[in-house]
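1. pasting a predicted model and its sequence here:
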Amino acid sequence: MKDLYAVLGLLHTAENEVIKAAYKALAQKYHPDKHPDKKVLFTEIMTELNHAHAVLGNIKKRKDWDASWKKYTDKQTGNVEPEADNHKNENKPQSKPKVSKHDTVLSNIASNKVDEFQMIHLYEELFGNSLTVQHGWTNHYVHKVDGKEIRYSFTELKQLIIDKLNSS
């Protein structure tokens, strides 16, 4: 499942006006008519932008998508209650769910309760690399490895942290 907020470079808490402004700015930047030499690529980008805006720009569709996204991220982070099937599990003893020492942090990340600065701090603690923030329409987070800059979007940074916490 693709994160439609990430397509527009936004946090999941973005206001409707911000969604509209982000779409408009990105549509102007990536419109295929501005890139005649790579028209196919930029048409694909515009298709993604149009889809993200069509869903997130509509209050009902956004609400439905947010609910689907929450289920998806809960499943990815292991924060899902197993579905009850009373007929199959009647005679089986109930086992305790696996508890990770990072469950609370993972839950907070999945429900967007961790802000940008907390994410940067978590990354630096987990990976031992300091990040610099490159400000722009959407921020990017950069660290250097062997003289090379590695850039992450907020969504990529978030996923790296989730993967690291799930593996430890």
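-> Yep, that arrived. Residues are numbered from 1 along each chain as shown.
2. ok, and what's touching stretch 152-159?
-> With Cβ atoms under 8 Å, 6 or more residues apart in numbering as the test, stretch 152-159 has contacts from 3, 5-6, 9, 11, 109, 116, 119-120, 123, 131, 138-142, 160. To be clear about C-beta, it is placed using only N, CA and C from the backbone, and glycine gets the same treatment.
3. return the set of buried residues in the lowest-mean-pLDDT helix or strand in the chain.
-> For the chain, counting by mean pLDDT, DSSP states H and E, helix 103-110 ranks last in confidence among helices and strands (a mean of 79). Using 16 or more other Cβ atoms under 10 Å as the test for burial, helix 103-110 gives 105-106, 109-110.
4. hmm, back to that, buried subset of the contacts of stretch 152-159?
-> 3, 5-6, 9, 109, 119-120, 123, 131, 138, 140-141, 160.
5. let's have those in TSV, adding secondary structure.
-> Output for those, formatted as TSV (DSSP: H, G, I helix; E, B strand; the rest coil):
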residue	secondary structure
Asp3	coil
Tyr5	helix
Ala6	helix
Gly9	coil
Ile109	helix
Met119	helix
Ile120	helix
Tyr123	helix
Leu131	coil
Thr138	coil
His140	strand
Tyr141	strand
Leu160	helix
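6. what's the lowest-pLDDT member of the residues you listed?
-> In terms of pLDDT, Thr138 ranks lowest among those, with 73.
7. so it makes contact with Leu10?
-> Yes - Thr138 is in contact with Leu10 according to Cβ atoms under 8 Å; the separation is 7.4 Å.
8. separation between Lys63 and Lys38?
-> 35 Å (Cβ to Cβ, to the nearest Å).
9. actually, Ile109.
-> For Ile109, the distance to Lys38 equals 35 Å [Cβ to Cβ].
10. swap in Asn58?
-> Taking Cβ to Cβ, one finds Asn58 at 30 Å from Lys38.
11. again, but for Ile150
-> For Ile150, the distance to Lys38 - Cβ to Cβ - is 25 Å.
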